[in-house]
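Student: Task: produce atomic coordinates for the following.
(one chain, ligands or ions: 1)
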Amino acid sequence: MKNYIKIDEWNIIEEGFDPTLNKISESIFSIGNGRFGQRANFEESYSGNTLQGNYIAGIYYPDKTRVGWWKNGYPEYFAKVLNSANWIAILVEIEGEQLDLNTCKISNFKRILHMKEGYLERSFVAEFKNGKQIKVNTARFCSIADSEIGAIRYSITPLNFSGIITITSLIDGDVKNKDSNYDEKFWDEVYQEIQNEEAFLTLRTKKTAFDVCTGISTSIFNEEKPLSVKSEAISKEKWVGNRIQQEVAEKVEYTLYKYAAIVSSENYKKPELVDACKKTLKRATEKGFEKLLEEQEQAWKKKWEESDILIEGDAAAQQGIRFNIFQLNQTYTGEDARLNIGPKGFTGEKYGGSTYWDTEAYCVPFYLATAEQKVSKNLLIYRYRHLQKAIENAEKLGFEKGAALYPMVTINGEECHNEWEITFEEIHRNGAIAYAIFNYIRYTGDQDYLIDYGLEVLIGIARFWSQRVNWSEERKQFVILGVTGPNEYENNVNNNWYTNLMATWCLSYTMEGLAYVAEQSPTKYQTLIQKTNFDQEAETARWKEIIDNMYFPGDDRLGIFLQQDGYLDKEQTLVKDLNRKHYPIHQNWSWDRILRSCFIKQADVLQGLYFFEDDYDIETLRRNFDFYEARTIHESSLSPCVHSILAAKLGDEERAYDFYLRTSRLDLDDYNNDTQDGLHITSMAGTWMSVVEGFAGMRVRNNQLYFNPILPEKWSSYSFTIGFRGSKLNIRIQESLIKISNHSGKDLVVVIHNQEYSIAGKTNVEVSSLKDYQK
Ligand code: BGC
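Tutor: As a prediction, the model looks like this:
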């Protein structure tokens with residue numbers, strides 16, 4: 001755990017340059033705009049420890065699978081989000097020596113991520129070996145107002161000399177993925193052009209043949225006045241730019257503006273790509289840096305109005321939640337149903353592909369409440385479009401008749417994961433995809449989604465479960481053998497309670513869906529039945545039999561559900577008794593030792609109780625929570641938020657708060673010692689859930705919003721905004737007051753502590769004293 005980020009409510013601040021922390025900071029200070037993004041690499045060359053990373057959503061390379069022992073059914077490749085052309089590079093040279101923060105003497109270093117306005121700033125003083133000193137100040141952003149544009153302002157002030165500075169502004173396309181399986185480079189050059197102060201480079205991905213054209217334009221100003229410098233065109237393969245020799249005077253500031261346009265063949269026809277890039281670049285240069293930044297600030301203002309959480313009285317918690325919300329909004333904007341949310345977003349290579357069950361289980365609730373409906377709908381449509389691939393994926397594993405198994409990780413619908421215990425066994429992911437359909441409809445009331453898209457997906461998923469279970473003659477019940485539950489520290493277990501629960505729930509929900517669509521839209525129902533070759537009677541009869549006869553492991557003596565058959569045979573050590581020097585166990589223990597231990601990586605039984613809490617009484621929730629929490633080591637970032645929400649539900653404010661802090665500052669404090677690989681983007685949505693569903697106890701039942709708030713002791717208040725079925729609500733919770741303001745024109749009824757309140761449009765309701773209710 002590290003503690004070097006300064007606490008500030010709106011900014012992420014690092015003061016002083018420590019090269020050993022650089023890769024962590026590169027992750028933390030990442031910027032993006034839903035279409036592309038990058039780690040906080042330096043513009044100058046840097047010979048120290050760094051992970052260079054620029055990523056473009058949806059552009060991937062199928063890296064041939066590399067495993068020690070091939071197993072039938074493994075995917076041929078892992079689709080990787082690619083490290084793409086570096087457009088930020090600005091190389092600064094004085095008398096033959098490069099500005100390099102690893103070799104120059106650095107002082108006054110400061111890096112600030114301005115979350116409110118959406119840009120990254122950095123300043124420092126560098127002393128070269130020859131004693132010459134310059135002050136540098138940079139600002140850059142990826143525009144969310146115009147998502148094909150990036151911009152940099154780079155100012156240099158010579159502090160103790162006048163002379164010549166050589167500046168090279170370039171696009172470096174000769175980049176690699178660190179995680180490349182065969183040490184290959186994934187891009188080929190297609191086109192390059194350098195014209196005065198502009199340069200263009202089109203690269204094509206090997207195998208997938210995506211074209212990406214990047215254009216840059218560079219200009220220099222001397223205290224607001226443009227300098228008419230002659231730049232020299234420089235190029236080599238996959239590398240284009242402009243070199244400028246600038247005569248500089250002591251103590252005068254010189255500012256370089258660099259604009260970038262990034263367009264891809266995903267959105268333009270290949271022959272038109274360079275023109276599109278030129279047009280975009282023109283748009284950027286005509287507006288100029290300040291105007292683009294103003295647009296950026298406006299766009300972020302709107303995002304914050306929709307999604308901010310305000311915490312009073314606890315700056316560390318405030319910074320944590322804003323950081324999470326900021327990164328989520330940088331990663332996915334929901335404009336394009338072909339895109340999704342990678343666990344690392346645009347902040348690192350780890351996890352390669354872009355879509356895990358994380359999206360459905362964790363991210364959908366965040367976007368449902370904080371963005372327009374089309375944003376979460378697009379996340380669902382993404383899976384709808386991949387249904388055929390999910391059916392093919394299941395066929396590869398021997399399933400038939402339209403059974404669909406969605407991949408554990410994917411970009412284009414095809415499975416990429418290649419560890420057998422996950423690829424073949426972590427099938428609970430199918431349940432999360434069905435759950436997201438239910439969750440989306442529950443929240444939005446958009447039943448048409450079920451008719452037009454959802455039911456078809458549900459049928460495929462239900463068919464999978466009905467073939468994946470088997471009848472146990474021994475138990476006279478259905479069982480699901482050989483699975484990995486959410487807790488990946490157990491593999492190949494029988495009857496993972498969570499998986500069995502999700503399977504039966506999917507079957508029931510699909511049956512409900514069939515009945516609904518048959519009644520509401522008989523024609524569309526008939527079309528779907530034909531399209532899917534659905535044998536209504538036989539298939540639903542089998543599903544019903546499974547629902548009625550599924551086996552669920554449990555222990556009556558302890559009054560708990562069992563994570564899987566035989567879980568209690570394990571030596572029952574508690575996490576509190578494990579010496580901290582073993583943390584994280586996945587870095588310190590052999591896999592064998594992990595598998596034999598009872599330690600749980602992430603919410604598993606508790607994930608099921610979180611999804612379906614209304615089906616269980618509070619004592620059942622409490623017994624299971626107490627039992628499993630004591631054994632959970634939270635080595636997945638997805639874990640603490642679920643525990644936080646359940647602890648809040650159980651009135652355990654203290655633990656709810658501890659888990660909350662852990663999830664919200666996971667990356668800022670490098671809690672799991674892995675922030676350098678990239679941020680835990682998908683779990684950030686879980687942080688948001690810990691506040692809204694945890695502390696505020698928000699639920700949707702019977703088309704209504706319910707709140708059951710508690711106030712963490714350290715906070716004097718917290719408030720958040722949500723959109724719900726056309727209404728915009730702000731919910732503020734103080735010790736003596738719960739205030740819900742309805743900013744929309746639409747009247748609404750909400751339930752606070754089990755009592756209904758009508759809130760007419762543009763009015764608010766105030767409910768006094770939390771404490772009274774807590775008694
Ligand atoms: C977790 C999975 C998750 C994946 C990507 C793993 O460590 O165990 O549940 O889907 O990370 O975030």
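
Student: The helix or strand in which A538 is found: what's the following helix or strand?
Tutor: Taking DSSP states H and E as the definition, A538 sits inside helix 536-548. Proceeding N to C from helix 536-548, the next assigned helix or strand is strand 554-555, under DSSP H and E.

Student: How about the contacts made by E545?
Tutor: Counting by Cβ atoms under 8 Å, 6 or more residues apart in numbering, E545 touches F478. (Glycine included, C-beta is placed from N, CA and C.)

Student: gap between the helix holding A538 and the chain center?
Tutor: Centre-to-centre, helix 536-548 and its host chain are 37 Å apart (Cα atoms, centre = their mean, to the nearest Å).

Student: If you count neighbours, what's buried in it?
Tutor: E539, T540, R542, W543, I546, I547 (16 or more other Cβ atoms under 10 Å).

Student: Hmm, the second one is touching L514, no?
Tutor: This means T540. Yes. T540 is within contact range of L514, at 7.0 Å (criterion: Cβ atoms under 8 Å).

Student: How much space separates L606 from the ligand?
Tutor: Per Cβ to the nearest ligand atom, to the nearest Å, L606 is found 13 Å from the ligand.

Student: That residue - how many residues pack around it?
Tutor: 27 (other Cβ atoms under 10 Å).

Student: Please apply the same query to N579.
Tutor: 6.

Student: Could you pull up phi and psi at it?
Tutor: phi -60, psi 130 (degrees, to the nearest 10).

Student: R385 too?
Tutor: phi -70, psi -20.

Student: tell me the contacts of it?
Tutor: A337, R338, G413.

Student: got JSON lines for those, with distance to E15 and pLDDT too?
Tutor: Formatted as JSON lines, the contacts of R385 follow (distance: Cβ to Cβ, whole Å; pLDDT from 0 to 100):
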{"residue": "A337", "distance to E15": "42", "pLDDT": "96"}
{"residue": "R338", "distance to E15": "40", "pLDDT": "96"}
{"residue": "G413", "distance to E15": "45", "pLDDT": "96"}
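
Student: Near the ligand, list only the ones from those residues.
Tutor: Among these, no residue lies close to the ligand (Cβ under 6 Å from any ligand atom).

Student: Give me the buried subset of these.
Tutor: A337, G413.

Student: Looking at the contacts of R385, which are in helices?
Tutor: Judged by DSSP state H, the contacts of R385 include no members of helices.

Student: buried residues in the host helix or strand of D275?
Tutor: Using DSSP H and E, D275 maps to helix 273-307. If you call a residue buried by 16+ other Cβ under 10 Å, then helix 273-307 has these buried ones: 273-274, 276-278, 280-281, 284-285, 287, 289, 292-293, 295-297, 299-300, 303-304, 306-307.

Student: Let me see the residues that make contact with the helix or strand following that helix.
Tutor: Toward the C-terminus, helix 273-307 is succeeded by strand 309-312 as the next helix or strand (DSSP H and E). With Cβ under 8 Å, 6+ apart as the test, strand 309-312 has contacts from 317-318, 321-322, 325, 688, 691-692, 715-720.

Student: Enumerate the residues of the stretch 551-700 of the chain near the ligand.
Tutor: K601, Q602, S636, L638, T682.

Student: quick check, nearest of the residues you listed to the ligand?
Tutor: S636 (4.1 Å; Cβ to the nearest ligand atom).

Student: burial count for that closest one?
Tutor: Neighbour tally, S636, other Cβ under 10 Å: 22.

Student: repeat for the one 5 residues further on
Tutor: By the other Cβ under 10 Å criterion, the neighbourhood of C641 contains 31 residues.

Student: Could you pull up the contacting residues of it?
Tutor: Neighbour list for C641: Y362, F659, Y660, T663, S683, G686, T687, M689, S690, G694 [criterion: Cβ under 8 Å, 6+ apart].

Student: Work out for me the element it sits within.
Tutor: helix 639-649.

Student: for that helix, the distance to its chain's centre please.
Tutor: 19 Å.

Student: for stretch 339-354, same thing?
Tutor: 7 Å.

Student: end-to-end on that stretch?
Tutor: 8 Å (Cα to Cα, to the nearest Å).

Student: buried sites along that stretch?
Tutor: 339-354.

Student: for the protein, which spans come out with low pLDDT?
Tutor: Applying pLDDT under 70 to the chain flags residues 353, 769-775.

Student: and it, which of its residues are near the ligand?
Tutor: Near the ligand, when you scan the chain using Cβ under 6 Å from any ligand atom, you find P343, Y351, Y356, W357, D358, P486, E488, K601, Q602, S636, L638, T682.

Student: neighbours around the closest residue to the third one other than its chain neighbours, how many?
Tutor: It refers to Y356. Leaving aside its sequence neighbours, Y356 sits nearest to V409 (Cβ to Cβ, 6 or more residues apart in numbering; 5.5 Å). By the criterion of other Cβ under 10 Å, V409 has 26 neighbours.

Student: V409 against E419, yeah?
Tutor: No. V409 is beyond contact range of E419, at 10.5 Å (criterion: Cβ under 8 Å).

Student: what's the helix or strand for the residue nearest to M684 when sequence neighbours are not counted?
Tutor: Spatially, and ignoring its direct neighbours in sequence, M684 is nearest to N324 (3.7 Å; Cβ to Cβ, 6+ apart). N324 belongs to helix 315-331 when elements are defined using DSSP H and E.

Student: and that helix, which residues are buried?
Tutor: Result for helix 315-331 [16+ other Cβ under 10 Å]: buried residues 316-331.

Student: same deal with stretch 515-524?
Tutor: Buried, per 16+ other Cβ under 10 Å, within stretch 515-524: Y516, V517, A518, S521.

Student: So which of those residues are in helices?
Tutor: Using DSSP H, those in helices are Y516, V517, A518.

Student: which residues touch the last one?
Tutor: Which is A518. Y525.

Student: now swap in the one 10 residues further on and tell me
Tutor: Listed by Cβ under 8 Å, 6+ apart, the contact set of L528 reads L455, E456, I459, V517, F534.

Student: now whichever strand or helix holds it against helix 536-548, angle please.
Tutor: Assigned by DSSP H and E, L528 belongs to helix 522-532. If you take axes from the mean of the first three to the mean of the last three Cα atoms, to 10 degrees, helix 522-532 sits at 80 degrees to helix 536-548.
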